[in-house]
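Asker: return atomic coordinates for the entry below.
(one chain, ligands or ions: 2)
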Amino acid sequence: MYKSITIKIGSNVLTRPDGKLDVERMAHITDQIAFLHKKGVKVILVSSGAVAAGRSLVNYKQRKDPVSERQLLSSVGQVKLVTNYASLFDMHKMSCAQVLVTKEDFRTREHYLNMKNCISVLLDNQIVPIINENDAVSVTALMFTDNDELAGLVASMMNTEALFILTNVDGIFNGNPNSPDSQLVEEIDSENVDLTGYVTTQKSNFGRGGMLTKGRVAQSTAAGGISVHIANGTNENVITSLASDAASVRHTRFLPGTPRPAVKKWMAYSAGFANSEVHINEGARQALFSAKATSLLLAGVTKMEGEFKKGDLLKIIDSNNKVVGIGKAQYDRKKADEHKNDAKYKPLVHYDYLYLFS
Ligand SMILES: Nc1ncnc2c1ncn2[C@@H]1O[C@H](COP(=O)(O)OP(=O)(O)O)[C@@H](O)[C@H]1O
Ligand SMILES: N[C@@H](CCC(=O)OP(=O)(O)O)C(=O)O
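Answerer: Ligands and ions are numbered 1, 2, ... in the order given. Take a look at the predicted model:
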């Protein structure tokens, strides 16, 4: 039995064909979580469904632009979604909490740690955190690709043993899931598998990201040491069965890689937020990628771009212009310029704060 699990529920698992919230299914999901909770398993729920819930509550005559429409539906629907969860958990004498986050919350280590602390304190007090994107304020570039991305980040941040991604198909198929010729891929290595060959960009009626993001998120989360299972959330007892005996459930499992230290997890996912660049020579690239843990010295830096402060994330770029890693600056740009000819000056990036893309 897993001891801690992040469970992501897709919109279509919670939505009936007429677009209304499927409260019966929500009840079955909360029953299963309650069962695990009573066995001492820590469960974090990442639940979609706000926009879907809003659709059955708001009547608007004229179509709005997509951003306003999503803001309107999600902010109305989130209330309904969480109210339903609260009364369903209440039947099991359990409490739940709403945590709404944006991509920006993963940007700075301070925000990241605040979020982590909030979820930890909820779990320590036997409360189920129900996380969703704060759709009301996260628009366009600030949005997560979808809640699968958010769930992967949460599972890594909280270092849960497993991540369950529940959707309306049994897992990843090697073709169109509706085609009789397609087969379910039961096991995927977290490294070296290109999913684009057989996963299409097709989505379900109410979903946002589709199977390709699920696959990518599953792969990168599993690579960090977490067991990831993509399964059908509409099947009975899927959560409890996955938790106790995953092999008994028809689904797709991603094999976990070697666990990464917490700070490297944050860096891996915050890569998109690094604004400054550090270009390195071939010798430095080889040293960083060698078997020995190596810090980045100014001697290997050929060029720096952008102002940075101590603690900022830097993109590390090799002589072929390829971003090869992310590092946390040990000092600011001014100091780096001052000491750039000093081969013995302390490393710009210490290896404990260096994340290399393999
Ligand atoms: N190779 C594939 N295997 C499984 N599902 C696929 C594949 N390619 C595309 N899909 C689609 O991905 C959908 C699930 O993704 P999505 O719509 O984002 O669901 P959710 O709302 O659960 O996040 C499935 O309903 C299916 O139509
Ligand atoms: N935050 C949105 C869900 C967006 C989303 O990623 O949906 P899905 O692909 O169904 O997981 C909502 O609550 O409606």
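Asker: let me see the mean pLDDT of stretch 126-145.
Answerer: The pLDDT scores in stretch 126-145 average 91.
Asker: quick one: end-to-end distance for that stretch.
Answerer: Its start and end residues considered, stretch 126-145 measures 30 Å (C-alpha to C-alpha, to the nearest Å).
Asker: enumerate the positions of it that are buried.
Answerer: The neighbour-count check on stretch 126-145 (16 or more other C-beta atoms under 10 Å) flags 128-136, 138, 143-145 as buried. C-betas here are computed from N, CA, C, even on glycine.
Asker: wait, does it contact ligand 2?
Answerer: Yes: Stretch 126-145 lies within reach of ligand 2 by C-beta under 6 Å from any ligand atom, at Asn132, Glu133, Asp135.
Asker: centre of the chain to the helix or strand hosting the first one, how far?
Answerer: Here Asn132 is covered by strand 127-133, with elements defined by DSSP states H and E. When distances are taken as C-alpha atoms, centre = their mean, to the nearest Å, strand 127-133 is centred 14 Å away from the chain's centroid.
Asker: mind giving me the packing neighbours of the longest helix along the chain?
Answerer: Ranked by residue count and defined by DSSP state H, the top helix of the chain is helix 66-90. Contacts defined by 3 or more C-beta pairs under 8 Å, 6 or more residues apart in numbering; DSSP states H and E place helix 66-90 against helix 23-38, strand 42-47, helix 50-55, strand 95-101, strand 127-133.
Asker: domains of the protein?
Answerer: For the chain, the structural domains run 4-259, 274-356, going by the TED database.
Asker: and those domains as JSON lines, adding distance to ligand 1?
Answerer: Converted to JSON lines, the domains of the chain look like this (distance: least, C-beta to the nearest ligand atom, whole Å):
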{"stretch": "domain 4-259", "distance to ligand 1": "2"}
{"stretch": "domain 274-356", "distance to ligand 1": "27"}
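Asker: could you export those as JSON lines, including distance to Met267?
Answerer: What follows is the domains of the chain, written out as JSON lines (distance: least, C-beta to C-beta, whole Å):
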{"stretch": "domain 4-259", "distance to Met267": "9"}
{"stretch": "domain 274-356", "distance to Met267": "4"}
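Asker: winner for burial among those domains?
Answerer: Neighbour counts (mean count of other C-beta atoms under 10 Å) averaged over each of the domains of the chain peak at domain 4-259, with a mean of 19.
Asker: how much space between the residue of the stretch 101-250 of the chain found nearest ligand 2 and Asp135?
Answerer: Here the stretch 101-250 of the chain gets closest to ligand 2 at one residue, Asp146, 3.2 Å apart by C-beta to the nearest ligand atom. The gap separating Asp146 from Asp135 is 11 Å, by C-beta to C-beta, to the nearest Å.
Asker: ok, now Asn168?
Answerer: Counting by C-beta to C-beta, the gap from Asn168 to Asp135 is 21 Å.
Asker: and if you look at Ala141?
Answerer: To Asp135, Ala141 is 14 Å away according to C-beta to C-beta.
Asker: got it, and Ala223?
Answerer: Separation of Ala223 from Asp135 (C-beta to C-beta) stands at 28 Å.
Asker: do Lys93 as well
Answerer: Lys93 is 30 Å from Asp135, by C-beta to C-beta.
Asker: tell me the contacts of Tyr60?
Answerer: With contact taken as C-beta atoms under 8 Å, 6 or more residues apart in numbering, Tyr60 is in contact with Leu72.
Asker: tell me the phi and psi of it?
Answerer: phi -120, psi 140 (degrees, to the nearest 10).
Asker: state the pLDDT value of it.
Answerer: Predicted confidence (pLDDT) for Tyr60: 76.
Asker: which residue is nearest the middle of this protein?
Answerer: Residue closest to the average C-alpha location in the chain (C-alpha atoms, centre = their mean): Gly152, at 2.4 Å.
Asker: that residue: what's it in contact with?
Answerer: Applying C-beta under 8 Å, 6+ apart, we find Gly152 in contact with Leu163, Val217, Ala218, Ser220, Thr221.
Asker: can you lay out those as CSV showing distance to Glu110 and pLDDT?
Answerer: Shown next, in CSV, are those (distance: C-beta to C-beta, whole Å; pLDDT from 0 to 100):
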residue, distance to Glu110, pLDDT
Leu163, 25, 98
Val217, 24, 90
Ala218, 28, 92
Ser220, 23, 87
Thr221, 23, 91
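Asker: looking at those, which are in helices?
Answerer: Among the contacts of Gly152, DSSP H puts Val217, Ala218, Ser220, Thr221 in helices.
Asker: what two of the residues you listed are the furthest from one another?
Answerer: Using C-beta to C-beta, the two most remote members of the ones in helices among the contacts of Gly152 are Ala218 and Ser220, lying 7.7 Å apart.
Asker: common neighbours of these two, please.
Answerer: Gly152, Ser190.
Asker: leaving out the residues flanking it, which one is nearest to Gln219?
Answerer: Here the nearest residue to Gln219 in space, its sequence neighbours aside, is Ser190; by C-beta to C-beta, 6 or more residues apart in numbering that works out to 5.4 Å.
Asker: oh sorry, the question was meant for Ala287
Answerer: Nearest residue to Ala287 in three dimensions, chain neighbours excluded: Thr294, at 4.8 Å (C-beta to C-beta, 6+ apart).
Asker: I figured the one you found hits Arg285, correct?
Answerer: No: with contact defined as C-beta atoms under 8 Å, Thr294 does not reach Arg285; the gap is 10.5 Å.
Asker: quick one, what contacts Ser248?
Answerer: If a contact means C-beta under 8 Å, 6+ apart, then Ser248 has Ser241 as its contacts.
Asker: likewise the one 5 residues further on?
Answerer: Each residue near Arg253 by C-beta under 8 Å, 6+ apart is listed here: Glu186, Glu187, Ile188, Ser227, Val228, His229, Ala246.
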